[in-house]
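Asker: Got a predicted structure here, sequence first:
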Amino acid sequence: MKKSIAIIGAGAAGLASAVRLLKDGYNVDIYEKEKTVGGKMNRIEEKGFKFDVGPTIVMMPEVYREVFEYAGKNPDDYISMERLDPIYSLQYGINERYTVSSDLTKLTPFLESLSEKDAEGYFKYIYSTYKRYLIAKNYFIEKSFRSAKDFYNPEMLVKALQLKTFNNAYNEISKYVKDEKLRKMLSFQTLYIGISPHNGPSIYTIIPMIETIYGVWYIKGGMYSMAQGMAKLIKELGGNIYTDSPVEEIIINSGKATGIKTNGINKNYDYIIANSDFPYTMKNLIKDIKNKRKYTDKKIDSMDYSCSVFLMYLGINKKVHSAEVHNISFADDFEKNISDIFEGIDPKDPSVYVHVPSKIDPGMAPEGKESLYVLVPVPELKTRGKKWTQEDIKNYKKIVYNKMKSMKGFENTENFVEVEKIYTPNDFEEKFNAYNGATFGLAPTLMQSNYFRPHNKSSYTDNLYFCGSSVHPGAGVPIVLTSAKLAVSELEKDDRDSL
């Protein structure tokens, strides 16, 4: 008889977990509190404009494709991917703008225009970081940790030392390149996972290396097409997705998860996978304090959280010609910008990321118009000390529009807006149960990474597993999809051992 599994949350990791489990012969039901699947990998549609809600940058495309390949399907039947070149534009101040390619024949002249010494340093950085990336991937990212002995053993400790994680990302990059613009180009990506380059472990210097050697890609229809593709496959494989179905409790009896409570009804299952944000899960879905063990409410409150974002989704009635699909404008004082974010201050001179999917995908906006996704990193709610008010939103919107006036191609954006939607940390907390509105979950600090991050298999409750950005291995879509792989592997190991 097939074992039954409930998955809490239809985010990327929840959907990917379901695909794997269905292929492996389990009965799977997914419960999602919102009306649509995807979690933060969602979509806003209005007046013919389409906007991805959360992630927009596709790296490591093989990880996306592997979800479908695992089920014996051709990924091209579910998602259509295209490589971008240039991968993005970077703007420093008002007049200094560069396009960055992952094609080394195009990238090298740019590096040499800064200095030949920095070009040499850049290639040393790529070589060194690729070696560390292979160690991270094979010994940490794609490995789950059940017990201390999985981490504290001679082989793993040697590999941990080889990662050289005790330095921060910015200082590690500074060992290779001296030009400040190049240092910014290679360090800002830690904000993709919600941590400061001055605080994030140096292993996160792998992100720009991955962009260079594997490229940056685009999924037709936006990132939401990935969520739709997985949902389509789940239904083809016989799984069930229940939307508008918030889970109120994980039922635990004698140290074993035996079901869930949704819409006031208890439902029994053999196993539970929680794709809901781990801090929210521990605080709200596990009711009995003895079942929380070390993850008490006090412990959850004391943990370090990623930053959040202020997001503007803008539909404009003109085309943007002098911009790329991905565009970044750095704050004049980047150091202050970063320190403000992690000290709880809304940056007055922010760094801004503008995504223009309609430049490559006409279906994302009506003809002759553009969809703009405008993101500014801001503090999460705990560090900020208060929620966003309508007055806060009104004032900050002015700051962002003013910053965009200095960005090539976006100078008069405010005058052409037909659709304007805004998400603040409040929305990430309310819509996606992101604790403190921290968009990227628990911060990937050294003591909240690898073995020290919440595990994929519950350490205290049998038949309960976790996936998503706040558990091992961390945030970012490819890494979150890997967390699904690890959670399923742990569950199936336990199921085999129970026979």
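Answerer: Nice, I can see it.

Asker: name the helices or strands packed onto the helix or strand where residue 18 lies?
Answerer: Assigning secondary structure by DSSP states H and E places residue 18 in helix 12-23. Judged by 3 or more C-beta pairs under 8 Å, 6 or more residues apart in numbering; DSSP states H and E, helix 12-23 is in contact with strand 4-8, strand 27-31, helix 61-70, helix 224-236, helix 477-498. Heads up, the C-betas are built off the backbone N, CA and C, glycines and all.

Asker: Please look at residue 211 and residue 87 and confirm they touch.
Answerer: Yes: counting by C-beta atoms under 8 Å, residue 87 is a contact partner of residue 211 at 5.9 Å.

Asker: So between those two, which is more surrounded?
Answerer: Relative neighbour count places residue 87 above the other of residue 211 and residue 87, with 23 against 20, counting by other C-beta atoms under 10 Å.

Asker: Can you pull the residues that touch both of residue 211 and residue 87?
Answerer: Here residue 211 and residue 87 share the contacting residues residue 102, scored by C-beta atoms under 8 Å, 6 or more residues apart in numbering.

Asker: show me where pLDDT drops low in the stretch 151-300 of the chain?
Answerer: Applying pLDDT under 70 to the stretch 151-300 of the chain flags the ranges 166.

Asker: switch to 50 and redo it
Answerer: Along the stretch 151-300 of the chain, no part satisfies pLDDT under 50.

Asker: neighbouring contacts of the helix holding residue 18?
Answerer: 5, 7-8, 28, 30, 32, 37-39, 41, 67-68, 70-72, 226-227, 230-231, 233-234, 237-239, 241, 273, 275, 467-469, 477, 480-481, 483-485, 487-488, 491.

Asker: Mind doing that once more with 7 Å?
Answerer: With contacts defined as C-beta atoms under 7 Å, 6 or more residues apart in numbering, helix 12-23 is touched by 5, 7, 28, 30, 37, 39, 41, 67, 70-71, 227, 230-231, 233-234, 237-239, 273, 275, 467-468, 477, 480-481, 483-485, 487-488.

Asker: Show me the helices in the stretch 1-150 of the chain, by range?
Answerer: Using DSSP state H, counting those that start in this stretch, the helices of the stretch 1-150 of the chain run over residues 12-23, 61-70, 104-114, 116-136.

Asker: Indicate which one of these is closest to residue 346.
Answerer: Taking C-beta to C-beta, helix 12-23 is the member of the helices of the stretch 1-150 of the chain nearest to residue 346, at 28.4 Å.

Asker: Which parts of the closest one count as buried, going by neighbours?
Answerer: Residues of helix 12-23 classed as buried by neighbour count (16 or more other C-beta atoms under 10 Å): 12-22.

Asker: mind saving the C-alpha coords of it as CSV?
Answerer: This file holds the C-alpha atoms of helix 12-23, laid out as CSV (Å, rounded to 0.1, in the frame of the first residue of the first chain):
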residue,chain,number,x,y,z
ALA,A,12,9.3,25.9,-5.1
ALA,A,13,10.7,23.3,-2.7
GLY,A,14,7.3,22.0,-1.8
LEU,A,15,6.4,21.5,-5.5
ALA,A,16,9.8,19.9,-6.2
SER,A,17,9.4,17.5,-3.3
ALA,A,18,6.0,16.4,-4.6
VAL,A,19,7.4,15.7,-8.0
ARG,A,20,10.1,13.4,-6.6
LEU,A,21,7.8,11.6,-4.2
LEU,A,22,5.1,11.0,-6.8
LYS,A,23,7.7,9.6,-9.2
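
Asker: nearest spatial neighbour of residue 50, skipping sequence neighbours?
Answerer: In this structure, residue 50 finds its nearest non-sequential neighbour in residue 364, 4.7 Å apart by C-beta to C-beta, 6 or more residues apart in numbering.

Asker: No further queries at this time; thank you.
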